[in-house]
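Peer 1: Provided below for reference: sequence and predicted model.
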2 protein chains.
Amino acid sequence: MNPDVVQFSRGVPPIEAIPARELAEHTEAAVAELGPRLFQYPPIGRYLGDPTLREQLAKRHDADPDHILVTNGSLQALDLLAAHLLSGSGAAVYVEGPTYDRAARIFERHGGRVSSIPLEADGMDLADLRERLRAEVPAFVYTVPDFQNPSGVTLSLAKRGELLGLAAEYGFTVIEDIPYRDLRFHGETLPSLSELAEGARVITLGSLSKVLSPGLRIGYVISDADTALELATRSEGVYLSPVGLCQAVAARALGSGLVTENVERARDFLRPRHDAAVRSVQSSLGDALMAVPDGGYYVGVRVKTGSDPDAFLDRALGAGVKLISGSAFYPSTEKSTVDTMFLRLPFQAMTPEEFSTGVERLAASLS
Amino acid sequence: MNPDVVQFSRGVPPIEAIPARELAEHTEAAVAELGPRLFQYPPIGRYLGDPTLREQLAKRHDADPDHILVTNGSLQALDLLAAHLLSGSGAAVYVEGPTYDRAARIFERHGGRVSSIPLEADGMDLADLRERLRAEVPAFVYTVPDFQNPSGVTLSLAKRGELLGLAAEYGFTVIEDIPYRDLRFHGETLPSLSELAEGARVITLGSLSKVLSPGLRIGYVISDADTALELATRSEGVYLSPVGLCQAVAARALGSGLVTENVERARDFLRPRHDAAVRSVQSSLGDALMAVPDGGYYVGVRVKTGSDPDAFLDRALGAGVKLISGSAFYPSTEKSTVDTMFLRLPFQAMTPEEFSTGVERLAASLS
């Protein structure tokens, strides 16, 4: 690949947002303290993960440690959860359109009939969801409510309440996936769906990848005690237990305040990139911007590509910008609307100059 | 549980067989050398695992590094492989009877119709297999050829050749799972199935859990380049990549000769336990012993329990010995033969005195 090509690809954190030096110290300290135990098998049999880590995570989310299962990254948690909730049943699953591509693929692999609810500037179109619920109640609705991957959209407070009301009324589960939640650069944090749940069943997926380190591969599910044990049994049958060393390092990082500090550092580092990215999109692509994210890694746009989306992507690459086709972020059975394509523009790992160059090249490819 | 109860349960290595001090040093060195990279996302996209680790593993097994996929423990590898080979198809799978319980459960979860080929003192009954092949050719045959978990049986050289001949003739895949292979205490190592394969398709599952550290959760599959990439794509969809830190530590441990040294140490530590365990079983249970293992962790016996196996297990527990029901080591659709139960007696984590006490209590419960 031409090194001059601007690549709007993955949501990998910039190296500046990973506290490598402090993590090295915590790794050394964890091994010194717990070495022989960490190199032995971690426990199995109703094992939800390192108890110290689960206590720290419970504090972080105001949850019960016995409701938390730790996994090798949150994608693994999503896979276990999909197996648990779907069991290859062919049940309906509603996701946002666009949605996190890997999540949609997991639900499909586990036999879910996945379809999307259109995403608006303030979250999913609940009138559409309401309509759909009258026809069929899904096993679950999957949402990334804060600074969504891939669009940057945040579900508004009003819609959070309304979604949970529908979940309680129709009896479906809501899965909220919140890896970016702490990375807010402007405005007030909204209550999470689990905080607002009341009569609805909400399962929360968390991750330390965006606030501490993706290399540790620490994800977790917060549900209820029974579901946590059910998922633990499933995970034991697949990989026995998550890596003890990574769990011990994560527990130390949370307990020492490193995660809190690093979130501040990451916010300060990313805020100007976010602001510049929004300005750049507004100036070059106008009202293509789906929403001002105010957090996270992504700006989402909807652009008119003409009737041949592949030709557009080739044209863009020729102009020096590599884009992921918007259809990747939809269920496999759905296509982006002809003529209009969703595009994810991750800003977190680029200088404002590089991002802006990419957006200008994208704009030039549209005409 | 009464601390005086002798527990014949899991195959967990004794702490003496895990080089914790050296692993701590390698961890520190790996973090010092590669820290920022290890705390970032490991690569994805046709990523088979850390290249240095795969080179070391390739040397160890005289294989091509591009044929090796590294996973979070070898159980995870087995899960990916079962998904790949079975795709929920309901295909037949033949395992040894008894077999590794977790493997049987994985094949069943992925839709395999799992049935067992009786195990003899020199490996599976190939006359029985031949008969079965005339009726139905399975997707694969799964075997633990060296010091089998759970029976301690080793597949003889003659039977290795014959099994591979059948695999070539009928066109089924052989999966060999070899975590215990290096832990031979007496006699000559037999060639692995992959070394003898010729016209047959053999896929090898390896693990560092029994020769270095189970806490690192390093397993691997050795197949062909296409299958390795296929499995890599599947693994990316489930957990992105295995933990980089553990892979880097494992690569250093292999490269420095620590694994080779530790295998010698583990053999020297385990040999007297094996010898005493065999003597104890021969003296207390006579011809119940399935085979003298000469390696690994397990002695297997077949005992007459009477017509109520659960009552026997309760009686044994009352006498101070906890046993896993033999039916756990068979496909779910099969029961142990009435009156005769298989029992796994792991000797690796017990002193000879403790093991012998357990066997005497077991013997007393039979009468």
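Peer 2: Received, thanks. Keep in mind that this is a model prediction, so the values were computed, not measured. Numbering: from 1, shown residues only, chains lettered A, B, ... in the order given.
Peer 1: how close does residue A:269 sit to chain B?
Peer 2: Residue A:269 sits 15 Å away from chain B, going by Cβ to the nearest Cβ, to the nearest Å. C-beta: built from backbone N, CA, C; applies to glycine.
Peer 1: for stretch A:270-286, buried residues please.
Peer 2: A:270, A:271, A:273, A:274, A:275, A:276, A:277, A:278, A:280, A:281, A:284, A:285 (16 or more other Cβ atoms under 10 Å in any protein chain shown).
Peer 1: same question for stretch A:185-192.
Peer 2: A:185, A:190, A:192.
Peer 1: let's have these in JSON lines, adding secondary structure and pLDDT.
Peer 2: Below are the buried residues of stretch A:185-192 laid out as JSON lines (DSSP: H, G, I helix; E, B strand; the rest coil; pLDDT from 0 to 100):
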{"residue": "A:185", "secondary structure": "coil", "pLDDT": "98"}
{"residue": "A:190", "secondary structure": "coil", "pLDDT": "98"}
{"residue": "A:192", "secondary structure": "coil", "pLDDT": "98"}
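Peer 1: about what we covered before: turn the buried residues of stretch A:270-286 into JSON lines, columns for pLDDT and secondary structure.
Peer 2: Converted to JSON lines, these look like this (pLDDT from 0 to 100; DSSP: H, G, I helix; E, B strand; the rest coil):
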{"residue": "A:270", "pLDDT": "98", "secondary structure": "helix"}
{"residue": "A:271", "pLDDT": "98", "secondary structure": "helix"}
{"residue": "A:273", "pLDDT": "98", "secondary structure": "helix"}
{"residue": "A:274", "pLDDT": "98", "secondary structure": "helix"}
{"residue": "A:275", "pLDDT": "98", "secondary structure": "helix"}
{"residue": "A:276", "pLDDT": "98", "secondary structure": "helix"}
{"residue": "A:277", "pLDDT": "98", "secondary structure": "helix"}
{"residue": "A:278", "pLDDT": "98", "secondary structure": "helix"}
{"residue": "A:280", "pLDDT": "98", "secondary structure": "helix"}
{"residue": "A:281", "pLDDT": "98", "secondary structure": "helix"}
{"residue": "A:284", "pLDDT": "97", "secondary structure": "helix"}
{"residue": "A:285", "pLDDT": "96", "secondary structure": "helix"}
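Peer 1: looking at these, which is nearest chain B?
Peer 2: Closest approach between those and chain B, by Cβ to the nearest Cβ: residue A:270, at 15.9 Å.
Peer 1: the closest one touches residue A:185, doesn't it?
Peer 2: Yes. Using Cβ atoms under 8 Å, residue A:270 is in contact with residue A:185, at 6.5 Å.
Peer 1: so is stretch A:114-131 next to chain B?
Peer 2: No. Judged by Cβ under 8 Å from any Cβ of the partner chain, stretch A:114-131 and chain B are separated, with a smallest distance of 14.3 Å.
Peer 1: tell me the average confidence for that stretch?
Peer 2: Taken as a whole, stretch A:114-131 carries a mean pLDDT of 98.
Peer 1: quick check: end-to-end length of it?
Peer 2: In stretch A:114-131, first residue to last residue: 16 Å (Cα to Cα, to the nearest Å).
Peer 1: how about residues contacting it?
Peer 2: Contacts with stretch A:114-131, where a contact means Cβ atoms under 8 Å, 6 or more residues apart in numbering or on different chains, come from A:92-99, A:104, A:107-108, A:132, A:141, A:143, A:145, A:148, A:151, A:153-156, A:158-160, A:162-163, A:166, A:290-291, A:330-334.
Peer 1: quick revisit: tabulate the buried residues of stretch A:185-192 in TSV, adding columns for distance to residue B:346.
Peer 2: Formatted as TSV, these follow (distance: Cβ to Cβ, whole Å):
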residue	distance to residue B:346
A:185	55
A:190	53
A:192	46
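Peer 1: flag every residue of the stretch 201-350 of chain A that's near chain B.
Peer 2: With Cβ under 8 Å from any Cβ as the criterion, the stretch 201-350 of chain A meets chain B at residues A:209, A:213-217, A:237-246.
Peer 1: swap the cut-off to 6 Å and go again
Peer 2: Taking Cβ under 6 Å from any Cβ of the partner chain as the contact definition, the stretch 201-350 of chain A meets chain B at A:213, A:214, A:215, A:217, A:237, A:238, A:239, A:240, A:243, A:244, A:246.
Peer 1: against residue B:99, how distant is the closest residue to the fifth one other than its chain neighbours?
Peer 2: Of all residues beyond its chain neighbours, the one nearest residue A:237 is residue B:105 (5.8 Å), with distances taken as Cβ to Cβ, 6 or more residues apart in numbering or on different chains. Between residue B:105 and residue B:99 the distance is 10 Å, computed by Cβ to Cβ, to the nearest Å.
Peer 1: what of residue A:279?
Peer 2: Distance, residue A:279 to residue B:99, using Cβ to Cβ: 63 Å.
Peer 1: and if you look at residue A:8?
Peer 2: 49 Å.
Peer 1: now residue A:295
Peer 2: From residue A:295 across to residue B:99, the span is 51 Å (Cβ to Cβ).
Peer 1: just residue A:182 next, same as before
Peer 2: Separation of residue A:182 from residue B:99 (Cβ to Cβ): 46 Å.
Peer 1: go on, residue A:151?
Peer 2: From residue A:151 across to residue B:99, the span is 48 Å (Cβ to Cβ).
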